[in-house]
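**Student:** Here is my input; please provide its structure:
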Amino acid sequence: MKAFTNIEQSKKLAEILPIESADMCFNDNEPCWSLAALLEALPTIDDGNRNPVICKDIRLNKWHIVYHGTAVEPTIDSGVYDNLIDACVEMILKLHEEKLL
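**Tutor:** Numbering: from 1, shown residues only. As a prediction, the model looks like this:
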């Protein structure tokens, strides 16, 4: 089970998230994010109307995160991943691209 972001993910997140939101470090003192810190980083979007929903596909044993669509806003889906850390990282990257983070 993956407990924190890897070095590549951490470097990407360090460009997006406040560095003080990282709650762990690698041996060489580079910050990384735990699952708890990543979940804290997922915002409520669209003036508080949409929250992230964590989903597990039990048939595939895969995780994804979704902001459900509305009448005027599209669904945002992280895609499916083997672990929740990767799904969180992908969602944060998508939200950043959409300027929602």
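**Student:** In contact with the most centrally placed residue in the chain: list those residues for me.
**Tutor:** Compute the mean C-alpha point of the chain, and by CA atoms, centre = their mean the closest residue is C88, 2.2 Å away. The contact partners of C88, by CB atoms under 8 Å, 6 or more residues apart in numbering, come to L35, L38, L39, A41, L42, I65, S78. Any C-beta I mention is one placed from the backbone N, CA and C, and that applies to glycine too.
**Student:** How about the contacts made by T44?
**Tutor:** Shown in contact with T44 (CB under 8 Å, 6+ apart): R50, N51.
**Student:** Over to it: give its phi and psi.
**Tutor:** phi -80, psi 130 (degrees, to the nearest 10).
**Student:** any chance you could map the helices in the protein?
**Tutor:** In the chain, the segments counted as helices under DSSP state H are 7-14, 35-41, 84-97.
**Student:** Just list what the shortest one packs against, helices and strands only.
**Tutor:** This means helix 35-41. Helices and strands touching helix 35-41, as assessed by 3 or more CB pairs under 8 Å, 6 or more residues apart in numbering; DSSP states H and E, comprise helix 84-97.
**Student:** Would you pull up how far the lowest-mean-pLDDT helix or strand in the chain lies from the middle of the chain?
**Tutor:** In the chain, the helix or strand scored least confidently by mean pLDDT, DSSP states H and E is strand 24-25, which has a mean of 88. Shown here is strand 24-25, whose average C-alpha point lies 17 Å from the average C-alpha point of the whole chain (CA atoms, centre = their mean, to the nearest Å).
**Student:** can you list the residues that contact it?
**Tutor:** Under the criterion CB under 8 Å, 6+ apart, external residues in contact with strand 24-25 comprise F4, P31, C32, W33, S34, A37.
**Student:** Could you tell me which of the residues you listed count as buried?
**Tutor:** Burial by neighbour count, judged by 16 or more other CB atoms under 10 Å, picks out F4, P31, C32, W33, A37 from those.
**Student:** for the spatially closest residue to the fourth one that is not a sequence neighbour, phi and psi?
**Tutor:** This points to W33. Distances taken as CB to CB, 6 or more residues apart in numbering put T5 closest to W33, at 4.8 Å, once the chain neighbours are dropped. When quoted as degrees, to the nearest 10, the phi and psi of T5 stand at phi -70, psi 150.
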